[in-house]
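[1] next input, structure requested:
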Amino acid sequence: MTLLRRFEKPELYRGGYVSIGNFDGVHRGHQEIAQHLAARAGREGVPAVVLTFDPHPLVLLRPTHVPPSLTTLEQKADLLEQAGVNCVIAYPTDHALLQLTPSEFVDSILVGQLAAKGIIEGPNFCFGKDRAGDIDTLSQLCRDRQILLEVAEPVGGARAMVSSSTIRTLVAVGKIGEAVQLLGHPYRIAGEVVTGARRGQQIGFPTANIANVKTLLPADGVYAGITAVDGRKFASAINLGPNPTFGENARKVEVHLLDFAGDLYGRSLAVDLLERVRDVRKFAGREELIEQIGKDVAAVRAITAGA
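    Here you go, the predicted structure:
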């Protein structure tokens, strides 16, 4: 799969089937569209192409209303590849693009740049200046230009449609298990391992402190997840939040990789969250904390056993 940052290498995307959208989280609804796209393109031997925009259009239009991301661009591309997409174009959003009317967008992008044979979208698709175009508008414009349009049925039905905004709400309050069900894959946080206070090492549970996470962080709590290091996967207990037992109020991401021995400082680390284990709380002292972490580790082993 190829990730492009603009319209270049036209041999990789012209004449294919296209789906346009933000695809944040690449949740089950997005996966349904991408799989439909890939199947249709595969039957006709043409590229399956996703056109997304980076940055999010709201960065230019309403910067104070930009939703926190569920996925980085690279993770988005990886997940779309798993669904069968051949090429992802992350077009740099600019004011000229946002000023295009629906018909101008179709003529400039779908026809002029992509030479699209067909387009696959969900029923709530909107496009063009001020989001003036909807799926009915697109249907008429495609019909006039002899572009095939197929509308994918929403996962969960119209009343319970899976959406990125719903998943953001679940993640923000720590309901990771519910978010994972809607995503259809674990919720990933990734960043750089930095030096911490080394208290975990002193009590027998060393942790990797992750900084510079670019996606939405869940609510404070202890979570169960999986961390990949050099091709191996390790069950992980993730503490997200302050450390009130030691009087620390700073919010941190600390990952204890079960059965791992090694130095991770300075490395990039991705952690796939599966389920929430408990709230963050203050313990009476070191021994009570160690006892609880032992219980947390047992819970993590149970949760991740089938992952």
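[2] which parts of the chain are helices?
    Along the chain, counting by DSSP state H, helices occupy 28-44, 58-61, 73-82, 95-98, 102-105, 135-144, 164-172, 176-183, 199-202, 286-304.
[3] where among those helices is average confidence lowest?
    Across these, helix 199-202 has the smallest mean pLDDT, namely a mean of 64.
[4] shaky segments in this structure?
    156-160, 197-203, 246-247 (pLDDT under 70).
[5] for Leu37, list the residues it contacts.
    By Cβ atoms under 8 Å, 6 or more residues apart in numbering, the residues touching Leu37 are Tyr17, Val18, Ser19, Ala48, Val49, Val50, Gly84, Val85, Ile120. (Glycine included, C-beta is placed from N, CA and C.)
[6] go again with 6 Å.
    Shown in contact with Leu37 (Cβ atoms under 6 Å, 6 or more residues apart in numbering): Tyr17, Ser19, Ala48, Ile120.
[7] can you list the buried residues in stretch 241-250?
    If you call a residue buried by 16 or more other Cβ atoms under 10 Å, then stretch 241-250 has these buried ones: Gly241, Pro242, Asn243, Thr245.
[8] can you pull up the bridge partners for the first one?
    Just to be clear, that refers to Gly241. Lys252 (DSSP bridges).
[9] give me the neighbour count for the nearest residue to Thr195 once chain neighbours are set aside.
    The spatial neighbour of Thr195 that comes closest, neighbours along the chain excluded (Cβ to Cβ, 6 or more residues apart in numbering), is Tyr265 at 6.4 Å. Neighbours of Tyr265 under the rule other Cβ atoms under 10 Å: 11.
[10] surely Tyr265 touches Val193?
    Yes: using Cβ atoms under 6 Å, Tyr265 is in contact with Val193, at 5.5 Å.
[11] re earlier: Gly221: which of the helices of the chain is closest?
    Gly221 lies closest to helix 176-183 among the helices of the chain, at 8.6 Å (Cβ to Cβ).
[12] packing partners of the closest one?
    Applying 3 or more Cβ pairs under 6 Å, 6 or more residues apart in numbering; DSSP states H and E, one finds that helix 176-183 contacts helix 164-172, strand 187-194, strand 268-278.
[13] do you know which of the ones you listed lies nearest Asp296?
    Here strand 268-278 is closest among these (Cβ to Cβ), at 5.7 Å.
[14] may I have the closest one as CSV, with CA atoms only?
    C-alpha atoms of strand 268-278 as CSV (Å, rounded to 0.1, in the frame of the first residue of the first chain):
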residue,chain,number,x,y,z
SER,A,268,9.1,4.8,19.9
LEU,A,269,6.5,2.6,21.5
ALA,A,270,2.9,1.7,20.5
VAL,A,271,0.6,0.3,23.0
ASP,A,272,-2.8,-1.3,22.0
LEU,A,273,-5.4,-0.8,24.8
LEU,A,274,-8.0,-3.5,25.2
GLU,A,275,-9.9,-2.9,28.5
ARG,A,276,-10.0,-0.7,31.6
VAL,A,277,-8.9,-2.5,34.8
ARG,A,278,-9.6,0.1,37.5
